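Participant: for reference, the sequence and a predicted model appear below.
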Amino acid sequence: MLRVYTCLTEQHDLRLVFLAGLICIAACLISMNLFVRANDTERTRSLSWLFVAATVFGAGVWATHFISELAYEPGFAISYDAGLTALSLVAAIGTVWLGMFVAYRFAAPVLGGAMIGAGIAAMHYTGMAALRAPAQLHWDAGYVLVSIAIAMTFSAAAISVSSSRPALWGRLLAVVLLVLAIVGLHFTAMAAVTLVPDPLIAVPVHAVAPTVLAILIATVTALIAGLGLLGLIVDKHLASRAAREAERLRRSEDHLARAQRIAHTGSIEQDLRTGAIEWFGETIFGLDPNLAAPVGEAFLALLHPDDRAASEPTQWLAHQAAAAGQLSDMPRVTLGFRIVQPGGAVRWLHHESELVLDQRGAAVRWIGTYRDVTEALEAKESFRLLFEGNPTPMWLFDPENMKFLAVNEAAVGHYGYDRESFLKLTLLDIVPERDRGALEQAIRTAPYLNSGGPSHVWQHVKADGTEIDVFTYWRIAMFCDRPAHLVSVTDVTARRQAEARIAHMAHHDALTDLPNRVLFCGRLDEALLRVRRYAEKLAVLYLDLDQFKTANDTLGHPAGDKLLVAVAERLSTCLRDCDMVARFGGDEFAVLQVGLAGPPEAGILAERIVTLLSEPYDIDGQQVVIGASVGIALAPADGEIADQLLRNADMALYRAKEDGRRTFCFFQPGMDARFRYRHALSRKPAPRRGIRLTPGDRAGWRLTRPTT
């Protein structure tokens, strides 16, 4: 191994060695693809592809050898004998073709591969014999035998792999083994030879110079490799086209039978000149397709006894019309009949047939089809039963003109029309005029029609003019062989009314029916958004009834409730449509006044509220007098957040109560500090016995002990 390594690294130009390796790999790759292609090709074409593969491989090995020879640097000039050089090329191509032929024809890849390896060795040593140099060649027999063994072993392995594993990875492995066979042979053989300089040996003048040889090698290699690659491309193209043509022919032959099987159809043909009948689709009749198709009486025996009498005269009339030339009377026959399968199952078939004329206009045969329509008829009957007997109102209408095509009994009863009148209407006739444009657009463009999803909650008009809310489901269907829309209707009028009541109760006070705190705060947030965006002004008025608790305790809670309702009615009369009054609970109310020009408007409203609420009330025959105190906070001056405005209005209300009740007060910034101080004071613990609170100078209060 050291001797081989030294020969490679010290006696060869590695650049040329690299070039030789590339040519070797390319030749092996192309030839292996061609060899595999030959194994997959019919015998008449395989020998040609074997020859192309052997030519590419042999030429590639020959070029690899002589490029490696050119890379060899013994220290003196060398040249080559032209005859032996050409013989080495012929030996390479011939022995490789013979080896590939043996591997292919006799299914002996090991033997064929060994022959290829021997051919590689023969080419190498013939080429070495062509070497002309002023030196004597001394051979090491051991290395010579080892080089031949390497070539034969790896070549046999490569052909075996390519024959047993023709896929991509098998081909690549075969290429690697062939490259090892060639490279191993060459460098082991080069290590086996020693050139001893001898000036007495003269180099013939007709010997081929290395430069000329290099040009010839490159030309031949490029040409053969190009031809081999072109041949491979052409073969793949032809094979692909042949495969497509074969597949197209197979599919064409299979198309009719497959289509008939999928569509549950069959065909029948009768030559009127000979009486011969051919028909396909035995599986529809439950017959074995491998047996001869029944004809004549045997075929008619498959028909249901009740339908056999109707079918025979019709077919007979068709034949008579054809024979008499009365084609205008009966050019086509259409039948619907039942058959009885061998197992007793009854199937419905639809049959159509027509006459075929020759060039003179005479009927020569008739061709017909028959189709199993059992499931279609059963589905149609099931649909009829489900449609007519369904308790849900349903109808079918034409999407083009909106006319009703069918309505069930539930729709007739629910909408109040009789069936005849209903079918004279269009879908637009039961929709309020305001919704007709939207309905037409929805029918033509809405994507839910294909999926059958709920379309919309629509308003419909019953026969007596009552409007109802309905939830509709749509589905595209076929009715009398034309597209239609199937609609089912659920009346949701009561449900929507209940939902509206629940939504109203969630946002309104149960006693006074005024908006509650939730609705008020939502409306306030919307108004504050306009304040920030458009620099508008608003006021929040916080109300608390004076002496209401006394009246409620004196007169009783029912009377107190009536009093609160009366207060709510009076408050509503004080406001514009754009303002809002809400009850927060107990005797607390709040007013939202929007679109203010300035604080005076809020003061005027507050004064009007105080005056109106202070007037006497008649509660169950008794006059009741209460009052009201109002706190006012303005936006944006007193805050731009709902909670802040309500808190400031509440502090202003507290101040109004301190000022004597039955009055109103605007929020002032100092009220906030005073409120916090009062709140902190209320949280102080009560003094222990013997200690009292007196005014102080720092915190405002101090602890003192009583004097005895």
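Facilitator: Cool, got the structure.

Participant: quick check: chain neighbours aside, which residue is closest to Ala506?
Facilitator: Val518 (7.3 Å; Cβ to Cβ, 6 or more residues apart in numbering). Quick note: C-beta positions are derived from backbone N, CA and C, even for glycine.

Participant: let me redo that: Ala156
Facilitator: Gly113 (3.4 Å).

Participant: the one you found sits in which helix or strand?
Facilitator: helix 109-129 (DSSP states H and E).

Participant: return the distance of that helix from the chain's centre.
Facilitator: 59 Å (Cα atoms, centre = their mean, to the nearest Å).

Participant: which secondary structure elements does that helix sit against?
Facilitator: When contacts are defined as 3 or more Cβ pairs under 8 Å, 6 or more residues apart in numbering; DSSP states H and E, helix 109-129 packs onto helix 43-71, helix 82-105, helix 141-164, helix 168-192.

Participant: how about 10 Å then?
Facilitator: helix 43-71, strand 79-80, helix 82-105, strand 135-139, helix 141-164, helix 168-192 (3 or more Cβ pairs under 10 Å, 6 or more residues apart in numbering; DSSP states H and E).

Participant: from the contact counts, what lies against the fourth one?
Facilitator: Yep, that's strand 135-139 we're talking about. Short answer (3+ Cβ pairs under 10 Å, 6+ apart): strand 135-139 packs on helix 109-129, helix 168-192, strand 193-197.

Participant: figure out which of these is closest to Val591.
Facilitator: Shortest distance between Val591 and those, using Cβ to Cβ, is found for helix 168-192: 86.1 Å.

Participant: in the closest one, which residues are buried?
Facilitator: By neighbour count with 16 or more other Cβ atoms under 10 Å, helix 168-192 contains the buried residues 170-171, 173-192.

Participant: can I see the domain layout of this structure?
Facilitator: 2-236, 263-372, 378-497, 511-667 (automatic domain parsing).

Participant: which stretch in those has the least confidence?
Facilitator: With a mean of 70, domain 263-372 has the lowest mean pLDDT of those.

Participant: isn't Ala122 up against Thr95?
Facilitator: Yes - with contacts counted by Cβ atoms under 10 Å, Ala122 reaches Thr95, the gap being 6.0 Å.

Participant: of the two, who's got more company?
Facilitator: Neighbours were tallied for Ala122 and for Thr95 using other Cβ atoms under 10 Å; the higher tally belongs to Thr95 (21 against 18).

Participant: ok, back up a step: which one, of the helices and strands packed on strand 135-139, ends up nearest to Gln668?
Facilitator: helix 168-192 (91.3 Å).

Participant: and Ala411, what does it touch?
Facilitator: 390, 392-395, 404, 417, 419, 422, 430, 487-489 (Cβ atoms under 10 Å, 6 or more residues apart in numbering).

Participant: if we use 6 Å, what do you get?
Facilitator: Ala411 is in contact with 393, 395, counting by Cβ atoms under 6 Å, 6 or more residues apart in numbering.

Participant: in terms of helices and strands, where is it?
Facilitator: helix 409-415.

Participant: please apply the same query to Trp474.
Facilitator: Counting by DSSP H and E, Trp474 is found in strand 467-479.

Participant: the residue nearest to Ala156 and Ile148: what is the separation?
Facilitator: 14 Å (Cβ to Cβ, to the nearest Å).

Participant: ok, now Cys521?
Facilitator: Per Cβ to Cβ, Cys521 is found 102 Å from Ile148.

Participant: with Ala652 instead?
Facilitator: 116 Å.

Participant: likewise Asp509?
Facilitator: In terms of Cβ to Cβ, Asp509 sits 111 Å off from Ile148.

Participant: circling back to that earlier point, the residue nearest to Ala156 reaches Val161, doesn't it?
Facilitator: No - between Gly113 and Val161 there is no contact under Cβ atoms under 6 Å: 9.3 Å.

Participant: the two: which is more packed in?
Facilitator: Gly113 (31 against 23).

Participant: on that earlier part again, reformat the helices and strands packed on helix 109-129 as TSV; add distance to His557.
Facilitator: Shown next, in TSV, are those (distance: least, Cβ to Cβ, whole Å):
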stretch	distance to His557
helix 43-71	110
strand 79-80	129
helix 82-105	112
strand 135-139	131
helix 141-164	103
helix 168-192	94
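
Participant: quick one on the thing from earlier: and the helices and strands packed on strand 135-139 as a markdown table, adding distance to Leu386?
Facilitator: Shown next, in a markdown table, are the helices and strands packed on strand 135-139 (distance: least, Cβ to Cβ, whole Å):
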| stretch | distance to Leu386 |
| --- | --- |
| helix 109-129 | 70 |
| helix 168-192 | 59 |
| strand 193-197 | 97 |
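
Participant: do you know which of those lies nearest Glu352?
Facilitator: helix 168-192 (53.4 Å).

Participant: tell me which residues are up against that closest one.
Facilitator: 3-4, 7-8, 24-25, 28-29, 32, 61, 64, 68, 117, 120, 124, 139-140, 143-144, 146-147, 150-151, 154-155, 157-158, 161-162.

Participant: quick check: angle from that helix to strand 135-139?
Facilitator: Counting by axes from the mean of the first three to the mean of the last three Cα atoms, to 10 degrees, helix 168-192 lies at 120 degrees to strand 135-139.

Participant: excluding chain neighbours, what is closest to Arg496?
Facilitator: Arg496 sits nearest to Asp469 (Cβ to Cβ, 6+ apart), 4.9 Å away.
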